[in-house]
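In: what's the 3D shape of this:
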Amino acid sequence: MLRRLTLSSLLAATLAAVSAQAAETVVAPAPGALQAAIDNAQPGDVLRLRPGVYSGAIVIDKPLTVEGAEGVEIQGGGTGTVITVTAPDVVVSRVRVSGSGSSHQSIDSGIKLTKTADRGVVLDSESIGNLYGIDIHGARDARVAGNLVVGRTDFRMNERGNGIYVWNAPGAAIEGNTIRQGRDGIFVNTSARNVIRDNRFQDLRFAVHYMYAGDGEIVGNVSVGNHLGYALMFSDGLTVRDNISIDDRDYGIMLNYANGATIEGNYVRAAAEKCLFMYNANKNRLADNRFEACEIGIHFTAGSDRNTIVGNAFIGNQTQVKYVGTRYLEWSEAGRGNYWSDHAAFDVNGDGIADSAYRPNDIIDQVLWTQPAAKLLLGSPAVQLVRWSQSQFPALLPGGVVDSAPLMTPVDIPVPGEGSRS
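Out: As a prediction, this is how the structure comes out:
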C-alpha cells in the first residue's frame, strides 16, 4: 500500500512539474525557425505561429501544441512528408500544409502521425496538393477534425494518394472534414473501432474505403459525384448510418465480403449503376434506407445470405432488385416490409401495409440478365403471356425476392440543402 501511495505521489508531482514548466512561445516565420522552436521547446509547450511561410520538413518529437492562424503555411521541399509527428499527445491546428513528395512507398503526406504518436490531433487545418493528405500510420486514438484536404491535380486519379489514410490505428476519429480530388477520401485498412463522421467527399474514386477493418462507425457523411460512395470490403461489424450518396458514378454503397453490418437511414440517389451492390455479404441488417433513381436499386449476388432487409424505400429505379438465384428470399420482418414505387397496391384496412405481396423479378428478368439479346423479344405476345401467367399464378415463379408486407409510404430522409421528401 505504501509503495502504491509513493508511486501515485511521484506521478502527481511529475505531472505538476511538467504543467508548471509548460510555456507559450510565439514563433515568427524565418528559415528553420519552426524546427528550432520545436527542438528548444519543453513537453507540453504551446507554439503559436505568426502568419507567414515556414519551411518543412519538420519533425515533432515531443508532446506539443503547434497552433497556427490565418495565413500560416508550412511548405515542404517536394520530398518526403511535410510534418511528421513521432510523439504522443501532439496537437497541430490551423496550419496550411503543402509540398510533400510523390512516393507511395514512403507514403509522402502533408501530415503523418506515426505509430508512436498516440492521441495525436490534427484540427482545422488545410492539406493542399500533397500526395496523401493526412496519414494516421499506427497511432492509437487519434483525432482528425475540421480539416480541408485537396489532393494532387497533376496526377491521374489512381496515381494520387488518399485524402486521409488510416492504417492499424484503432480508435481513430475522423470528423467534419472536407476531402476532394484524391484517390480515396478516407481509406481505412487493417484497423478497428474507427469513427468516420460528418465528412464531405467530392471528385474521388471512393469516398470511404474500408478493407480488413472491423467494428467501425460510418455516420452522417455526404458523398457527391465520386466513382463510388461507400466501399465496405472484407470487414465485419460495421455501423453505416445516415450517410448520403448523390450522383456517384458506379455504386452508392458496396458490401463485398462485409458481414454483420448495420446499414440504416442512408440515402442513395442517382448512382449511374447501382444504389447498393451486395457480393457475398451475410448477416447484415438493411433498414429504413432510401434507394432512388438508380439503374438498379439493389444487386444481390454471390451467395449473400441471412440478411434482414426491411423498411427501405425503392423509388424510381429502372430495376428495383437484381437477384439471380432460385431460392425464395423474404424481405419483410414482423409484418413490415419495404416500399416499392412500382407496386400498384391497395390498403383497404389502412394499416400502412399493402394488401398484396410484391415480387420485383420474374423468370423473364432472369432470362434477360443471362441472355441480354433476349431484350429484342420483350414486346412479343409470348413474353407478355408468360409474365401475365406468373402474376396470376406465383407458383410458376422460379424463386427470388418476395416482400409479403410492402409499405404504402416511403421512409423520408432529408438531404442537406434540399429538405425532406415523401
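In: Look up how far Ile128 lies from Asp118.
Out: Distance, Asp118 to Ile128, using C-beta to C-beta, to the nearest Å: 27 Å. For the C-beta atoms, the positions are set from N, CA and C on the backbone; glycine is no exception.
In: tally of neighbours for Arg200?
Out: 18 (other C-beta atoms under 10 Å).
In: Show me what it is bridged to.
Out: Beta-bridge pairing for Arg200 (DSSP bridges): Thr178, Val222.
In: residues touching it, list them.
Out: Contacts for Arg200 were tallied using C-beta atoms under 8 Å, 6 or more residues apart in numbering; they are Asn177, Thr178, Ile179, Asn221, Val222, Val224.
In: Kindly reformat those as CSV containing distance to Cys294 and pLDDT.
Out: Formatted as CSV, the contacts of Arg200 follow (distance: C-beta to C-beta, whole Å; pLDDT from 0 to 100):
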residue, distance to Cys294, pLDDT
Asn177, 27, 98
Thr178, 25, 98
Ile179, 24, 98
Asn221, 19, 98
Val222, 17, 98
Val224, 15, 97
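In: Of these - the most surrounded one?
Out: Counting by other C-beta under 10 Å, top hit in the contacts of Arg200: Ile179 with 29 neighbours.
In: ok, it - contacts?
Out: Contacts of Ile179 by C-beta under 8 Å, 6+ apart are 133, 149-150, 163-164, 185-186, 199-202, 204, 207.
In: What of Arg336?
Out: Arg336 is in contact with Val310, Gly311, Ile353, Ala405, Leu407, counting by C-beta under 8 Å, 6+ apart.
In: which among the residues you listed gets closest to Tyr212?
Out: Using C-beta to C-beta, Val310 comes nearest to Tyr212 of the contacts of Arg336, at 28.8 Å.
In: Now do the contacts for the closest one.
Out: Counting by C-beta under 8 Å, 6+ apart, Val310 touches Leu286, Ala287, Trp331, Ser332, Glu333, Arg336, Gly337, Asn338.
In: where along this protein do the helices fall?
Out: Counting by DSSP state H, the chain has helices at residues 2-21, 33-40, 363-370, 381-392.
In: Of those, which shows the lowest average pLDDT?
Out: Among the helices of the chain, helix 2-21 carries the lowest mean pLDDT, at a mean of 46.
In: rewinding a little: between the contacts of Arg200, which is closest to Arg306?
Out: Asn221 (27.0 Å).
In: Count the residues that sit near Asn147.
Out: 27.
In: what are the phi and psi values for it?
Out: phi -100, psi 160 (degrees, to the nearest 10).
In: That one touches Asp124, doesn't it?
Out: Yes. Asn147 is within contact range of Asp124, at 6.7 Å (criterion: C-beta atoms under 8 Å).
In: where are the low-confidence patches of this structure?
Out: Scanning the chain for pLDDT under 70 picks out 1-21, 302-303, 325-326, 361-380, 382-399, 419-422.
In: Skipping its backbone neighbours, what lies nearest Asn349 in space?
Out: Once flanking residues are discounted, Asn349 sits nearest to Asp355: 7.9 Å by C-beta to C-beta, 6 or more residues apart in numbering.
In: Quick check, Asn280 in contact with Tyr257.
Out: Yes. Taking contacts as C-beta under 8 Å, Asn280 lies within contact range of Tyr257: 5.3 Å.
In: Could you pull up the contacting residues of Glu292?
Out: So Glu292 contacts Tyr267, Val268, Arg269, Ala270, Cys275, Ala313, Phe314, Ile315, Gly316, Asn317 (C-beta under 8 Å, 6+ apart).
In: can you check Ser341 too?
Out: Ala313, Phe314, Ile315, Gly316, Pro410.
In: Buried among the residues you listed? Make that a ChimeraX selection.
Out: To isolate the buried members of the contacts of Ser341 in ChimeraX, using 16 or more other C-beta atoms under 10 Å:
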select :313,314,315,410
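In: Nearest to Ala293 among the contacts of Ser341?
Out: The closest of these to Ala293 turns out to be Gly316 (C-beta to C-beta; 5.0 Å).
In: wait, isn't the closest one in contact with Ala293?
Out: Yes. Using C-beta under 8 Å, Gly316 is in contact with Ala293, at 5.0 Å.
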